[in-house]
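1. below are the sequence and a predicted model; questions follow.
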Amino acid sequence: MILQSSIHWTRFPARAHNGMHMPELPEVETVANGVHARIAGERIVSAWFSEKKEPMKSPPALMVQTLEGARVKQVRRVGKHIVFDLDRPAKNEITAVQWIVHLGMSGRLLVNAPDVELAPHTHAVLRLDSGREVRFVDPRRFGRLSIERSATGFTGPGSEPLTITFADFADLFRKRNTPIKAALLDQSSLHGVGNIYADEALFRAGIRPRRKAGSLTQVELQRLHKSLQKVLKEAIKLGGSSVSDYVDADGAAGFFQLKHRVYQRTGEPCLVCNTPIRRIALAGRSTHYCSKCQN
DNA sequence: AGGTTGACCTGGACGC
DNA sequence: TGCGTCCAGGTCAACC
């Protein structure tokens, strides 16, 4: 629908939104793919970790011991985690060995030439045999770094939103008494969905964030399943267009917000019905919705 | 047991 | 300029 009079609307003080990091599923996938394209097949010559304890979920000594000498087979996304599948020199082990990176709220994973100055809040540096370095930078230190060793490999806390069947998706919400938005954010059922895409998927499905998950009808669940997968895939596709320099230059700034229909649009007119978008607090997060389009 | 709330951190925007 | 307040893409432990 074309909004003929859009230029007449008062622009709310559009909080200049530093859209530099967006570590939800589409962003994490973009980063993982970008790092994979740059370093797959390379060997890690040495590893260094900062003294800050917060981002270290495994002991730094264990991470150094595991990473040094290992070859990076693959870098991929699982939920909101970035998984480095490692090949180790003397592998007489049956278990998979992986380095797991979670970006938290402000984490960044960079591939830099060694002469590029270390950014403030750098907490990990892996030097590769090409001479380049993988660097983990995280001002807020909500990110997490760990080693995973298990027979099955890291599978994440929940189900993958992109591939889950409708039947399994519906089962996640059937008996739950929590608001649907809180249920979408619960990583142990569905992993990868964060605050932006929860709001955006609920808007596209026409469902209010505060509705009890268990109260959704079959039709509403179908709309939600479809909307969620669609919005995540669309975001990945858009992120993908800036993959070429994202890890070097955080070039994704301001990109996804072009597609936001409710997230951080408080007070601005709904793109469908012109009703001002509302903002409420739910599950400790700011939540945005249209009171007319979502029921 | 499932659901809810605050704590964990830094830094940028904004108001006075 | 400076200082206080609010806010941020995420989890968890500790409650009820």
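-> Received the coordinates, thanks.
2. can you map out the strands along chain A?
-> Along chain A, the stretches classed as strands by DSSP state E are A:44-49, A:71-78, A:81-87, A:96-102, A:108-112, A:122-128, A:133-137, A:144-150, A:278-282, A:285-289.
3. redo those as JSON lines? Include mean neighbour count and distance to residue A:173.
-> For glycine as for every other residue, the C-beta is placed from the backbone atoms N, C-alpha and C. Listed next are these as JSON lines, based on neighbours: other CB atoms under 10 Å; distance: least, CB to CB, whole Å:
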{"stretch": "strand A:44-49", "mean neighbour count": "18", "distance to residue A:173": "40"}
{"stretch": "strand A:71-78", "mean neighbour count": "19", "distance to residue A:173": "22"}
{"stretch": "strand A:81-87", "mean neighbour count": "22", "distance to residue A:173": "23"}
{"stretch": "strand A:96-102", "mean neighbour count": "21", "distance to residue A:173": "25"}
{"stretch": "strand A:108-112", "mean neighbour count": "21", "distance to residue A:173": "32"}
{"stretch": "strand A:122-128", "mean neighbour count": "21", "distance to residue A:173": "37"}
{"stretch": "strand A:133-137", "mean neighbour count": "23", "distance to residue A:173": "35"}
{"stretch": "strand A:144-150", "mean neighbour count": "17", "distance to residue A:173": "27"}
{"stretch": "strand A:278-282", "mean neighbour count": "15", "distance to residue A:173": "16"}
{"stretch": "strand A:285-289", "mean neighbour count": "20", "distance to residue A:173": "17"}
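4. where does residue A:294 land on pLDDT?
-> Looking at residue A:294, its pLDDT is 98.
5. revised request: answer the last question for residue A:95.
-> 78.
6. residues in contact with residue A:49?
-> Contacts for residue A:49 (CB atoms under 8 Å, 6 or more residues apart in numbering) come out as A:56, A:60, A:63, A:64, A:123, A:124, A:145.
7. max pairwise distance over these: which two?
-> A:64 and A:123 (13.2 Å; CB to CB).
8. tell me how many other residues crowd the spatially closest residue to residue A:151 that is not a sequence neighbour.
-> Counting by CB to CB, 6 or more residues apart in numbering, residue A:95 is the residue found nearest to residue A:151 once chain neighbours are left out, at 5.7 Å. For residue A:95, the count of nearby residues is 12 (other CB atoms under 10 Å).
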